[in-house]
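> got a predicted structure plus its sequence, pasted below:
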Amino acid sequence: MGGQAAGHEERVMALWWRRRSHKGETLRVDGRARVNADPATLSRFEVRGVAPRLVLVVTVEAAYECARAVVRSDLRNPERHVARGGLPTPGKIQ
């Protein structure tokens, strides 16, 4: 299966990293991601002798500072927040 977990093909993704100590500093990363369950890959991420069951492999296609992304996303607007009960559990997300 090439190290991919069953049913976990490569998908388009976008991530934001935000440093709390630097107001407005946001890094946006666009690319592709896939779940990997290859034992050789998992062993590279061992901590105190325990390897993860899966790793997320990210291929970065673009990375840039995007300070206005958080403002445009309206993340701090409580009217746009979804109640936790309205979200699927991590096990149900496919």
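In hand now; what should we look at? What you see is a predicted model; the values in this text were computed from it and never measured.
> secondary structure element for the residue most central in space within the chain, which one?
By Cα atoms, centre = their mean, the mean C-alpha position of the chain lies nearest to residue 15, the distance being 5.8 Å. Using DSSP states H and E, residue 15 sits within strand 11-18.
> determine how far that strand lies from the middle of the whole chain.
The chain centroid and the centroid of strand 11-18 are separated by 6 Å under Cα atoms, centre = their mean, to the nearest Å.
> hmm, residue 16 and residue 30 touching each other?
No - Residue 30 lies out of contact with residue 16 (Cβ atoms under 8 Å); the separation is 10.3 Å. Backbone N, C-alpha and C define where each C-beta goes, glycine included.
> pLDDT score assigned to the nearest residue to the residue nearest to the centre of the chain once chain neighbours are set aside?
Spatial nearest neighbour of residue 15, excluding adjacent residues (Cβ to Cβ, 6 or more residues apart in numbering): residue 29 at 4.7 Å. Note on residue 29: pLDDT of 83.
> contact partners for residue 29?
Contact analysis of residue 29 by Cβ atoms under 8 Å, 6 or more residues apart in numbering lists 14-17, 58, 60, 62-63.
> is it located within a strand, as I assumed?
Yes - assessed with DSSP: H, G, I helix; E, B strand; the rest coil, residue 29 lies in a strand.
> if we can go back for a sec, average pLDDT across the strand holding residue 15?
Taken as a whole, strand 11-18 carries a mean pLDDT of 72.
> who are the packing partners of that strand?
Packing partners of strand 11-18 (3 or more Cβ pairs under 8 Å, 6 or more residues apart in numbering; DSSP states H and E): strand 26-36, helix 67-73.
> need the residues that contact it.
Defining contact as Cβ under 8 Å, 6+ apart, one finds that strand 11-18 is touched by 25-34, 58, 66, 69-70.
> out of these, which is nearest to residue 89?
Lowest distance from residue 89 to those (Cβ to Cβ) belongs to residue 33, with 20.0 Å.
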